[in-house]
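>>> what follows is a predicted protein model with its sequence.
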Amino acid sequence: MAETARPTHPLSIDEAWAFTAERASVTTFFFDFDGVLSPVTDDPDASQPVPAVLGVLERLATVVARVAIVSARPVSFLRSRFETLEHVDLYGLYGLEVWHDGEVVTEPAALEFVPAMARLAEQARAELPGEILVEYKRLSVALHYRVAPELAATVERWAHEQAERLGLRIQRGRMVAELKPPVDQDKGMVITEGVRNAGCAWYFGDDMSDIKAFDALRAREAVDPGFFGMAVAVANPETGAEVSSAADLTLDSPDAVAAFLTDGLRRF
Ligand SMILES: O=P(O)(O)OC[C@H]1O[C@H](O[C@H]2O[C@H](CO)[C@@H](O)[C@H](O)[C@H]2O)[C@H](O)[C@@H](O)[C@@H]1O
């Protein structure tokens, strides 16, 4: 039987699901975590996936080639939220960490920054106002101003000074500025590598770092007429407009992501 031609963007949801179901054996689904699988909370430690997500991801993993979570969180955090999922791959810290064969594999070039990041987190706690939540992630430090948005400029200035002093990079996100090692790794690179042998891939994201993942799908489509990439944004008041404008489709919330996938699973 002749294969259906790749849908062109913009496309209908029905077309996207039909094409994906036809190529299930060469399809990967990638998901960001915060704001996509879990609703935003003031305290990052309190974040949990919406209840329907675990079952949906596990079912999805039985019908497509691969399901993976690609997050700025450490793999240890992702494991704590998804430890019951046996068939979902985990990329942490923008791909500096990967869960592989029962252990965390870390990008070697980033390892030398572990002591500096621990010191930086202590310094941030000492120097920044108490309302700023400092999240130490082993290879990076996130400075959260969600509960004190008026301190955004203070955080930005401090992060900039430290980045200059230590030769670090800054990743901005939803009410957060994160200091990272100067190692070339981002979600776009994870997706570029992850779709190398795929015929179809979907990526669900809500934040600035996810736009690089959308771009990686587009780049692959540009060089491979047989490849189909679907970029799905999740709406939010902070980065939503920018992320939506780079996506094929926007869903309202993490609950809507779970409902959308539940519906999509009926097509396989
Ligand atoms: O790549 P992700 O999985 O989306 O991680 C991005 C950042 O997510 C977390 O921060 C965001 O969610 C928090 C909990 O809902 C929220 O309080 C914060 O304002 C958001 O920016 C995480 O804590 C960060 O380390 C990640 O960089």
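Structure received. Residues are numbered from 1 along each chain as shown.

>>> how about the contacts made by the closest residue to residue 129 other than its chain neighbours?
With sequence-adjacent residues excluded and distances taken as Cβ to Cβ, 6 or more residues apart in numbering, residue 129 is closest to residue 151, at 5.9 Å. C-betas here are computed from N, CA, C, even on glycine. Going by Cβ atoms under 8 Å, 6 or more residues apart in numbering, residue 151 touches 128, 129, 131, 132, 145.

>>> how about those residues in a markdown table, adding distance to the ligand and neighbour count?
A markdown table is the format used below for the contacts of residue 151 (distance: Cβ to the nearest ligand atom, whole Å; neighbours: other Cβ atoms under 10 Å):
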| residue | distance to the ligand | neighbour count |
| --- | --- | --- |
| 128 | 15 | 18 |
| 129 | 16 | 12 |
| 131 | 13 | 14 |
| 132 | 11 | 21 |
| 145 | 8 | 21 |
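
>>> all helices in the stretch 151-268 of the chain, in order from the N-terminus.
Listed in chain order, the helices of the stretch 151-268 of the chain (DSSP state H, counting those that start in this stretch) span 152-166, 187-194, 208-223, 240-245, 254-265.

>>> please identify the deepest-packed of those helices.
helix 187-194 (a mean of 21; mean count of other Cβ atoms under 10 Å).

>>> could you list the low-pLDDT ranges of the stretch 1-150 of the chain?
Along the stretch 1-150 of the chain, segments meeting pLDDT under 70 span 1-5, 7, 10.

>>> which bits of it sit near the ligand?
Taking Cβ under 6 Å from any ligand atom as the contact definition, the stretch 1-150 of the chain meets the ligand at 32-35, 40-42, 44, 47, 71-73, 135, 142, 144, 146.

>>> again, 5 Å this time
With the criterion set to Cβ under 5 Å from any ligand atom, the stretch 1-150 of the chain comes near the ligand through 32, 33, 34, 40, 41, 44, 47, 71, 72, 142, 146.

>>> enumerate every residue touching the fifth one.
Just to be clear, that refers to residue 41. residue 47.

>>> can you give me the neighbour number for the spatially closest residue to residue 189 that is not a sequence neighbour?
In space, and not counting its chain neighbours, residue 189 is closest to residue 95: 6.2 Å by Cβ to Cβ, 6+ apart. By the criterion of other Cβ atoms under 10 Å, residue 95 has 21 neighbours.

>>> shouldn't residue 95 be in contact with residue 106?
No: Residue 95 is not in contact with residue 106 according to Cβ atoms under 8 Å; the separation is 10.5 Å.

>>> contact partners for residue 250?
232, 233, 234, 235, 240, 244.
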